[in-house]
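Chemist: this one's sequence-less:
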């Protein structure tokens, strides 16, 4: 029996050619995604340490949640500002000029 009949290297196959068609290079993790995963992992570790009621780790857990909230909001400051304020229309802006 010829052993080269079952050998993929002898048949000219390569890993690049055997890659499935549905694989998309855009599905790789970005550095921002890795930072988010690392922050979530750290929060999980701190929460595990805080689950027995130790005041130090409980305070560290709440502090880390607060820091992650600030980190999340820092990316969205423009969107948050625009959601709390609305631009007045022209009729609202000049409504008091008719009184004079």
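Modeler: It's in. Being a predicted model, the structure only gives us computed values, none of them experimental.

Chemist: pull the helix or strand with minimum mean pLDDT from the chain.
Modeler: Every helix and strand in the chain was compared by mean pLDDT, DSSP states H and E; the lowest is helix 90-93, with a mean of 65.

Chemist: look up how far residue 42 lies from residue 49.
Modeler: For residue 49, the distance to residue 42 (C-beta to C-beta, to the nearest Å) stands at 11 Å. In short, each C-beta sits where N, CA and C put it, glycine included.

Chemist: next, residue 87: secondary structure please.
Modeler: Per DSSP: H, G, I helix; E, B strand; the rest coil, the local secondary structure of residue 87 is coil.

Chemist: show me what contacts it?
Modeler: Counting by C-beta atoms under 8 Å, 6 or more residues apart in numbering, residue 87 makes contact with nothing.

Chemist: gap between it and residue 81?
Modeler: Distance from residue 87 to residue 81, by C-beta to C-beta: 12 Å.

Chemist: what's the answer for residue 75, then?
Modeler: 13 Å.

Chemist: any weak-confidence spans in the chain?
Modeler: Counting by pLDDT under 70, the ranges of the chain that qualify are 1-26, 88-100.

Chemist: tell me where it has helices.
Modeler: Taking DSSP state H as the test, the helices found in the chain are 31-50, 55-75, 77-84, 90-93.

Chemist: burial of residue 67, as a residue count?
Modeler: By other C-beta atoms under 10 Å, 12 other residues sit near residue 67.
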